[in-house]
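Peer 1: Following is a predicted model, sequence given first.
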Amino acid sequence: MTRIESVAHQLAEVLKRSKADYIEARLEESQSSYISYRGRELESIGRQTASGGNVRALVKGGWGFVSFNSLDDLPGRVELAVAQAHLAGKEVSHLAPVAPVTDRVLTDQNPVAIPLAQKKQLLDEYNDIIWRTPRLQTSIIGYGDGRKKVIFLNSAGSFIEQERADVTLRLTAVATEGNQVQQVGLSLGSRGDFNAIQGIHRQVEEMARNAVGLLVAPQIKGGEYTVVLDPVLAGVFVHEAFGHLSEADFVYENDRLREVMTLGKKFGSNELNIIDGAAVPGLRGSYKYDDEGTPATKTYLIREGKLVGRLHSRETAARMKEKPTGNARAINYRYPPIVRMTNTYIEPRSASFGDILSDIKEGVYAKNWYGGVTSMEMFTFSAGEAYMIRNGKLAEMVRPVVLTGNVFTTLHNIDAIGNDLDMNEGGGCGKAEQSPLPVSNGSPHIRIRHCLVGGR
């Protein structure tokens, strides 16, 4: 038995004796490695380890939270969290019921154990490919991996040990000519499988060529177009523009959003289904139990065009009189769990890519993504690449476009959903200073009528 496991068993007895409505603890051990390049130069490389934990107590609706990076004097940490909760508590505690669980969830993936020299050799190959491209100004490469063990226990008797591993790779090529600057990026990730980022030499070459090609691409005339989104950009859209609005802490704290996000309300055609769920296996947002010990679920947010669900912690589920969905997550032991997405996507339907393009006389095909902002139901996203659609066929490359609109209007305007679901696992989600949390998002190709596209 390791020290963290021994300490956890001792702590379980302390939690049972504590004077709180509810109390939980998380103990964590992690290893990670990282490599980054800026231009031709290796910028940083290294390994690190961390260990620590936290205690969270609930008394009369008030939370106390203590995090620590030493496993000494844990009874004192428990007392401090309970004391804080007593100061904050002023009402009745509400938590949706979750049956106590004893379980171990292990992984045989450990990307941290792969020698740094081997990882660097692969990234050197990718950087060399980028730099073979003329008119390139700079490149940016960031690699990270990790392996983590977390033990969760609570005053109800849960004792859950979970291991998980993670790999991410992000590459960017930046090309310049005169006062023109264009860039194209590529993001990949996995649940600890290093093979997921190997053998992408052709994709890296295409990324660099596209960045240079954008220097001479024309800019489209701004206006309203029929737009087709690729799975990456459609996945970002569903995550950023709709997924965050489905996080129940955001909903119950906002009167206007509660009125808009009414269950049963129609938000799209009968073809439209939007899902979030850590119970979808094998993705970066997947797990068996969330950071409150709630089993993962697969949650329909929109089913046949109607809003039918939202994402919950135990507290938000109790407050809104709904079921917990297993979406309480913390980026590490320094933070309490909050409501977060996991794997968020539009469910595929029957249309082929050719079907989606076929009846568009003039439109825009928007791929990948560069950035974006959301404000309540309004969004602005920058595509990473764009092409004109003419008479049902892909035509010339154009400068990356900016898409703007109201998410609810846009959902109604989705009139074709492809059969080619693809999940992007290279991203990380940020909320309440907890970033980047491992998630995935995706979609098949989708077609949106009457979409506002920025241009000249």
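Peer 2: The structure has been received and is ready for your questions. Numbering: from 1, shown residues only.

Peer 1: Test my guess that residue 21 contacts residue 58.
Peer 2: Yes: under the criterion of C-beta atoms under 8 Å, residue 21 makes contact with residue 58 at 5.0 Å. C-beta: built from backbone N, CA, C; applies to glycine.

Peer 1: what touches both of the two?
Peer 2: residue 93 (C-beta atoms under 8 Å, 6 or more residues apart in numbering).

Peer 1: which residues touch residue 379?
Peer 2: Taking C-beta under 8 Å, 6+ apart as the test, what residue 379 contacts is 237, 240, 241, 372, 373, 403, 404, 405, 406, 407, 410.

Peer 1: hmm, back to that, neighbour count: residue 21 and residue 58, which is higher?
Peer 2: residue 58 (24 against 18; other C-beta atoms under 10 Å).

Peer 1: where does this structure dip in pLDDT?
Peer 2: 456 (pLDDT under 70).

Peer 1: Tell me how it divides into domains.
Peer 2: 3-213, 223-454 (automatic domain parsing).

Peer 1: Name the helix or strand for residue 226, please.
Peer 2: Residue 226 belongs to strand 223-229 when assigned by DSSP states H and E.

Peer 1: Specify the next element, helix or strand, located C-terminal of that strand.
Peer 2: Next along from strand 223-229, by DSSP H and E: helix 231-237.

Peer 1: For that following helix, buried residues please.
Peer 2: Buried residues in helix 231-237, counted by 16 or more other C-beta atoms under 10 Å: 231, 232, 233, 234, 235, 236, 237.

Peer 1: Please apply the same query to stretch 401-421.
Peer 2: Neighbour count says stretch 401-421 has 401-405, 407-408, 410-418, 421 buried, by 16+ other C-beta under 10 Å.

Peer 1: Next: stretch 358-365.
Peer 2: Quick answer for stretch 358-365 (16+ other C-beta under 10 Å): 360, 363, 364, 365.

Peer 1: With respect to residue 155, which of those residues is nearest?
Peer 2: Closest approach between the buried residues of stretch 358-365 and residue 155, by C-beta to C-beta: residue 365, at 54.2 Å.

Peer 1: which residues are in contact with stretch 312-322?
Peer 2: Residues contacting stretch 312-322 (C-beta under 8 Å, 6+ apart): 94-96, 98, 248-249, 251-252, 292, 294, 310, 323-325, 327-328, 337-339.

Peer 1: taking the residues you listed one by one, which sit in strands?
Peer 2: Using DSSP state E, the subset of the contacts of stretch 312-322 located in strands is 328, 338, 339.

Peer 1: Dig out what the second one forms beta bridges with.
Peer 2: When bridges are called by DSSP bridges, residue 338 pairs up with residue 329.

Peer 1: So residue 230 versus residue 284, what's the distance?
Peer 2: 19 Å (C-beta to C-beta, to the nearest Å).

Peer 1: mind listing the helices for this structure?
Peer 2: 3-17, 74-88, 116-131, 201-213, 231-237, 248-252, 255-260, 314-319, 353-358, 407-412 (DSSP state H).

Peer 1: Cool, thanks, signing off.
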